[in-house]
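Peer 1: How does the following fold in three dimensions:
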Amino acid sequence: MPVSAISDPEAVRIVIAGGGTGGHLYPGLALAEAIQRQAPGSRIVFMGTHRGLEARVVPKEGYELVLLPVRGLLRKVTLENLLFPFRLLWSVIRSMLFFRRFRPQLVIGTGGYVSGPALIAAQLMRIPTVIQEQNSYPGLVNRWLGKHATAVFLAFESARRYFPKSNRVFVEGNPVRGLSRDVNRDEAYRRFGLKPDVKTVLIFGGSQGARKLNEIVGRMLSDTDFVKNKQVLWITGPKWFEAWRHYHQTQHGRIRVLDYCHNMHEAYAVADLAVCRAGALTIAELTIWGIPAIYVPFPFATADHQTQNARAVADAGGGLVLPESELSETKLAKTIESVLQNDEKLHAMAEAARRLGRPEAADRIAKKCLQWIRKP
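Peer 2: Residues are numbered from 1 along each chain as shown. Prediction:
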């Protein structure tokens, strides 16, 4: 059914607006799946832009996608920035015109600049709105529009203080999709060519990798003493794989190097400790699995939100924070050793991380949303 068609008045109709990056898109997809599990036959339409990840992913997932012309502000004076108010206004108008046809009962914003005009349009039309904020430091749009939202769902308790005027604020965690913990660990070890009786360090920098982190890890692994009492599963990202693939199956098979991992649940199943960035979804997945981590926040994230994400976990005892500005192969190696050599510390960190995990986040958020639709 095309997005311009008039909706079945009996069906649950929801719009999810958010994207640009996977950190904003995938929570929306997790919510869509949870809603459809609880309300079969519901119609869910996504709103995004042609420049964002959603333009490729959403149609493949089988959802309808409405594209808006809005673009984010650049950090310099350009013609694009001068056009921003006009694109924003046109995106709000486009959203309102679509809402008049589709008649959504709820609009969910998951972040990214595209969620702004959709939420503004919905609030102007008195359509209930929900914000799902992934980070411990919410973006400006969410802080502003959260005052008028029907509900705000947070991943971190520390973000609550940014929504003092919101009527309904719930800390439910980040929706994560398809991360089953039903994994045969022995089979996972065999798949990666690792040994189940040796502690495993999982190193990754997100789906695209992290250049600085990879460079430090590469120098760290050149020290043959590092892997004498441990093994490493290193996911470099496709762009950096060729530079570091020579480490694969070196040092008595203690190092495995992958460009990408399609089955992260298997990687999590074998990990005793992770070294990674501090994106909201990365933290959500690691805490669901109860994996302690050494977080190296991306220093150029908006408002340094990755550092605040990592601090929230570290303050709860589930991880350590190692700023990139302080990162060196020596310091990283010593930090890893300090955790792995102390079984009591490792266990305590794992338990603290697990207490932060919220595997039912998507289902809990979906349930509340559907209750509000059915019982205003």
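
Peer 1: What segments of this protein are helices?
Peer 2: The residue ranges that make up the helices of the chain, judged by DSSP state H, are 22-38, 54-60, 79-102, 115-124, 140-145, 185-192, 211-221, 241-244, 264-270, 280-289, 305-315, 329-340, 343-356, 361-374.

Peer 1: what about residue 62, how many neighbours?
Peer 2: Using other CB atoms under 10 Å as the criterion, residue 62 is surrounded by 8 other residues. Placement of C-beta: from N, CA and C, glycine included.

Peer 1: What pLDDT is listed against it?
Peer 2: At residue 62, the predicted lDDT confidence score is 95.

Peer 1: related to what we said a few turns ago, would you format the helices of the chain as a markdown table with mean neighbour count included?
Peer 2: Shown next, in a markdown table, are those (neighbours: other CB atoms under 10 Å):
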| stretch | mean neighbour count |
| --- | --- |
| helix 22-38 | 23 |
| helix 54-60 | 17 |
| helix 79-102 | 15 |
| helix 115-124 | 25 |
| helix 140-145 | 18 |
| helix 185-192 | 15 |
| helix 211-221 | 19 |
| helix 241-244 | 15 |
| helix 264-270 | 21 |
| helix 280-289 | 24 |
| helix 305-315 | 22 |
| helix 329-340 | 16 |
| helix 343-356 | 16 |
| helix 361-374 | 19 |
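
Peer 1: Can you say which of those helices is nearest to residue 322?
Peer 2: Residue 322 lies closest, by CB to CB, to one member of those: helix 329-340, at 6.1 Å.

Peer 1: Determine the set of other helices and strands touching the closest one.
Peer 2: Secondary structure elements in contact with helix 329-340, counted by 3 or more CB pairs under 8 Å, 6 or more residues apart in numbering; DSSP states H and E, are helix 211-221, strand 273-276, strand 293-295, helix 343-356.

Peer 1: Could I get those in JSON lines, plus columns for distance to residue 259?
Peer 2: Conversion of the helices and strands packed on helix 329-340 to JSON lines gives the following (distance: least, CB to CB, whole Å):
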{"stretch": "helix 211-221", "distance to residue 259": "11"}
{"stretch": "strand 273-276", "distance to residue 259": "16"}
{"stretch": "strand 293-295", "distance to residue 259": "21"}
{"stretch": "helix 343-356", "distance to residue 259": "27"}
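
Peer 1: Can you check which of those gets nearest to residue 194?
Peer 2: For the helices and strands packed on helix 329-340, the distance to residue 194 is smallest for strand 273-276, at 13.7 Å, taking CB to CB.

Peer 1: which residues touch residue 325?
Peer 2: Applying CB atoms under 8 Å, 6 or more residues apart in numbering, one finds that residue 325 lies in contact with residue 299.

Peer 1: thinking again about what came up before, if you average pLDDT over each of the helices of the chain, which is lowest?
Peer 2: Summarising mean pLDDT across the helices of the chain, the least confident stretch is helix 79-102, with a mean of 85.

Peer 1: hey, C-alpha coordinates of that one in PDB?
Peer 2: Written as PDB, here are the backbone C-alpha positions of helix 79-102 (Å, rounded to 0.1, in the frame of the first residue of the first chain):
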ATOM      1  CA  LEU A  79      24.800  28.200   1.900                       C
ATOM      2  CA  GLU A  80      23.500  24.900   3.300                       C
ATOM      3  CA  ASN A  81      23.100  26.500   6.700                       C
ATOM      4  CA  LEU A  82      21.300  29.500   5.200                       C
ATOM      5  CA  LEU A  83      18.800  27.200   3.600                       C
ATOM      6  CA  PHE A  84      18.200  25.300   6.800                       C
ATOM      7  CA  PRO A  85      15.200  27.300   8.000                       C
ATOM      8  CA  PHE A  86      13.400  26.900   4.700                       C
ATOM      9  CA  ARG A  87      14.100  23.200   4.500                       C
ATOM     10  CA  LEU A  88      12.900  22.800   8.100                       C
ATOM     11  CA  LEU A  89       9.700  24.700   7.300                       C
ATOM     12  CA  TRP A  90       9.000  22.700   4.200                       C
ATOM     13  CA  SER A  91       9.700  19.500   6.100                       C
ATOM     14  CA  VAL A  92       7.100  20.400   8.700                       C
ATOM     15  CA  ILE A  93       4.600  21.200   6.000                       C
ATOM     16  CA  ARG A  94       5.300  18.000   4.200                       C
ATOM     17  CA  SER A  95       4.900  16.100   7.500                       C
ATOM     18  CA  MET A  96       1.500  17.800   8.200                       C
ATOM     19  CA  LEU A  97       0.300  17.000   4.700                       C
ATOM     20  CA  PHE A  98       1.200  13.400   5.100                       C
ATOM     21  CA  PHE A  99      -0.300  13.100   8.600                       C
ATOM     22  CA  ARG A 100      -3.600  14.400   7.200                       C
ATOM     23  CA  ARG A 101      -3.700  11.500   4.800                       C
ATOM     24  CA  PHE A 102      -2.300   8.800   7.000                       C
END
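
Peer 1: ok now that helix, how far from the chain's centre?
Peer 2: 26 Å (CA atoms, centre = their mean, to the nearest Å).

Peer 1: surely residue 191 meets residue 266?
Peer 2: Yes. Counting by CB atoms under 8 Å, residue 191 sits close enough to residue 266 to count as a contact (6.2 Å).

Peer 1: Please identify which of the helices and strands packed on helix 329-340 is closest to residue 103.
Peer 2: Taking CB to CB as the criterion, residue 103 comes closest to helix 343-356 out of those, the separation being 38.5 Å.

Peer 1: Give the residue spans of the stretch 151-300 of the chain that score low on pLDDT.
Peer 2: In the predicted model, the stretch 151-300 of the chain carries pLDDT under 70 at residues 179-180, 207-209.

Peer 1: So what are the structural domains in this structure, by residue number?
Peer 2: If the domains of the chain are taken from automatic domain parsing, they occupy 13-178+359-374, 185-356, with pieces of a single domain joined by a plus sign.

Peer 1: First-to-last residue distance for the shortest one?
Peer 2: It refers to domain 185-356. The separation between the terminal residues of domain 185-356, taken as CA to CA, to the nearest Å, is 23 Å.
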